[in-house]
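>>> fold the stuff below for me.
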Amino acid sequence: MFRRLWFDLHATVLHAEHALTRAEDTPTQPGARQPALVLRDGPVPLLAGNGIPMLAATPPAPATHIDTITDDTITAPTATEHTAASSRTAADTSGTPADSAADTATADAADTPSCAVRMVRLPLQVRSALTAEPLRDVLRRGAHAGHMWCTVDVDPAGLRAVTTRAVRDSAPPASAIWRDAVIAHGPQGPDQSRYRGQTCPGYQVYGAAPARFRTEVMYQVLADTLCSHRLHPVVTTVFQDGQPWLVDDLGERTPVTADVDGWWPIAHPQLRWTATLRADTGWDDPESVFGPCGADGTGLRCGVCGAVDEVTHRDLPSMAGYGFDTATTCTVCHSWDGSDPIFGARAHPKPWPPQPGAASRGVRPAGQEPVA
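Numbers count the residues shown, from 1 in each chain. Reported below is the predicted structural model:
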């Protein structure tokens, strides 16, 4: 039996890139100055990087979900999963501690081993005998593939695996963030039904995207299920005492009810929703990478990676012969704003997260990156 901890992949990548830039020794994390993620396993698991100073943009990422899994329920990784580490097996085969991860401390033990608080390091730039690529590249590749989750499997003996996953098979919790999207079902073509609504990336219900709609759109969805011109309706709608119900071809009924915030989630095994997120530019001002942040508006948030106050600023006399050339750079993703007397202000966003296999700026541990 082991626990699977689900962390937001964007927050994980942010902490990883910060650690790759600013990895440092601390009294609680001795050893080589090696960029790593640090998992604080316990009743409330937290994941962060070992960059110094601590990342101001995001506090240590809490586990959004915690699953308890037995070994007889394990399935092989699919194409949407990338196994990144399995330190216990690597240590057993080599006779030395695995490069991919190692337990560094155990304290505040509770009544059961699963509740013990311990620190687990996940180095980002090294590969073990069983890891095809460094964890750094696994995280970047998962993010570029559109994955939403970083999962860490742990048991009382230590770390089992780190994986990126596209979706989680469960309904979104109340704290989940919904985003505007175009929701559709049915085959592509003129008969495909399309509606404006919201979806929750990272989750799937009945193997399809979760979907919810405003009241007027919800009634449009229900009206479409009553259209007689459809050759093969997947569900029909009946109303009983003013309550709408979805009815499948076996006569089983599913109620349609509103959330407390006025949205109507509609989920049914035969309504396989697909969702296309509406365009999001990432930041409002095309001439600036950074925007104000904080209650007083004095902080700077990077519109590319989300880091707060992780910036350097430089002013140099302009080669134009008058004025200054300025540059404000994010130290996490290296996007920057520049200005000069001739061309004025302009933004220089960088790809985020970095491409898999791309070199990382900042401090690198002594020696070359180990290879398998």
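
>>> contact partners of stretch 316-334?
Stretch 316-334 is contacted from outside by 14, 17-18, 21-22, 55, 57, 289-290, 300, 302, 304-305, 307, 310-315, 335-342, 350, 352-354, 361, using C-beta atoms under 8 Å, 6 or more residues apart in numbering. From N, CA and C alone the C-beta is placed, and that goes for glycine too.

>>> could you pull out the strands in the stretch 201-350 of the chain for me?
203-204, 212-213, 236-240, 243-247, 253-255, 264-265, 274-277, 290-293, 299-302, 311-317, 324-330, 336-340, 344-348 (DSSP state E, counting those that start in this stretch).

>>> report the buried residues of the fifth one.
Neighbour-count burial for strand 253-255 flags Thr254 (criterion: 16 or more other C-beta atoms under 10 Å).

>>> that one: partners in the sheet, and parallel or antiparallel?
strand 243-247 (antiparallel) (DSSP bridges).

>>> show the average pLDDT along the strand it pairs with.
The average pLDDT within strand 243-247 is 83.

>>> CA atoms only for that strand - export them in CSV, please.
Taking Å, rounded to 0.1, in the frame of the first residue of the first chain, the C-alpha atoms of strand 243-247 are listed here in CSV:
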residue,chain,number,x,y,z
GLN,A,243,-36.8,19.2,-11.8
PRO,A,244,-35.0,18.3,-15.1
TRP,A,245,-33.7,14.8,-15.4
LEU,A,246,-31.5,13.2,-18.1
VAL,A,247,-32.7,9.8,-19.2
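
>>> hang on, Gly142 in a helix?
Yes: checked against DSSP: H, G, I helix; E, B strand; the rest coil, Gly142 lies within a helix.

>>> how about it, what does it touch?
So Gly142 contacts Leu9, His82, Cys150, Thr164, Arg165 (C-beta under 8 Å, 6+ apart).

>>> let's have the residues you listed in a markdown table, adding distance to Ala208.
Output for those, formatted as a markdown table (distance: C-beta to C-beta, whole Å):
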| residue | distance to Ala208 |
| --- | --- |
| Leu9 | 21 |
| His82 | 23 |
| Cys150 | 23 |
| Thr164 | 21 |
| Arg165 | 17 |
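
>>> pLDDT check: weakest of the residues you listed?
Within the contacts of Gly142, pLDDT is lowest for His82, at 46.

>>> filter the contacts of stretch 316-334 to the buried ones?
Buried, going by 16+ other C-beta under 10 Å: 14, 17-18, 21-22, 55, 57, 289-290, 300, 302, 304-305, 307, 310-311, 335-340, 350, 352-354, out of those.

>>> now the spatially most distant residue from the centre of the chain: how far from Gly202?
Farthest-out residue of the chain from its mean C-alpha position, per C-alpha atoms, centre = their mean: Gly321, at 46.4 Å. To Gly202, Gly321 is 53 Å away according to C-beta to C-beta, to the nearest Å.

>>> filter the contacts of Gly142 down to the ones in helices?
Leu9 (DSSP state H).

>>> restricted to buried residues, select the contacts of Gly142 in PyMOL.
Buried members of those, defined by 16+ other C-beta under 10 Å, are picked up in PyMOL with:
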select buried, resi 9+82+150+164+165
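
>>> and the contacts of Gly142, which two are furthest apart?
Across the contacts of Gly142, the longest distance by C-beta to C-beta is 11.1 Å; it joins Leu9 and His82.

>>> mutual contacts of these two, please.
With C-beta under 8 Å, 6+ apart as the test, Leu9 and His82 both reach Gly142, Thr164.

>>> how about low-confidence regions in the stretch 1-150 of the chain?
23-33, 54-58, 71-116, 128-131 (pLDDT under 70).

>>> ranges for the strands of it?
2-8, 36-41, 46-49, 61-62, 65-69, 82-83, 102-107, 117-123, 149-155.

>>> quick check: bridge partners of Ile183?
Beta-bridge partners, per DSSP bridges, of Ile183: Tyr195, Ala275.

>>> before we move on, back to that, closest to Arg127 out of the contacts of Gly142?
Looking across those and measuring by C-beta to C-beta, the closest to Arg127 is His82, at 13.2 Å.

>>> name the nearest residue to Trp149, ignoring sequence neighbours.
Of all residues not flanking Trp149 in the chain, Arg165 sits nearest, at 4.4 Å (C-beta to C-beta, 6 or more residues apart in numbering).

>>> Pro354 now?
Arg140 (5.8 Å).

>>> run a quick neighbour tally on that neighbour.
Look at Arg140: counted by other C-beta atoms under 10 Å, it has 25 neighbours.
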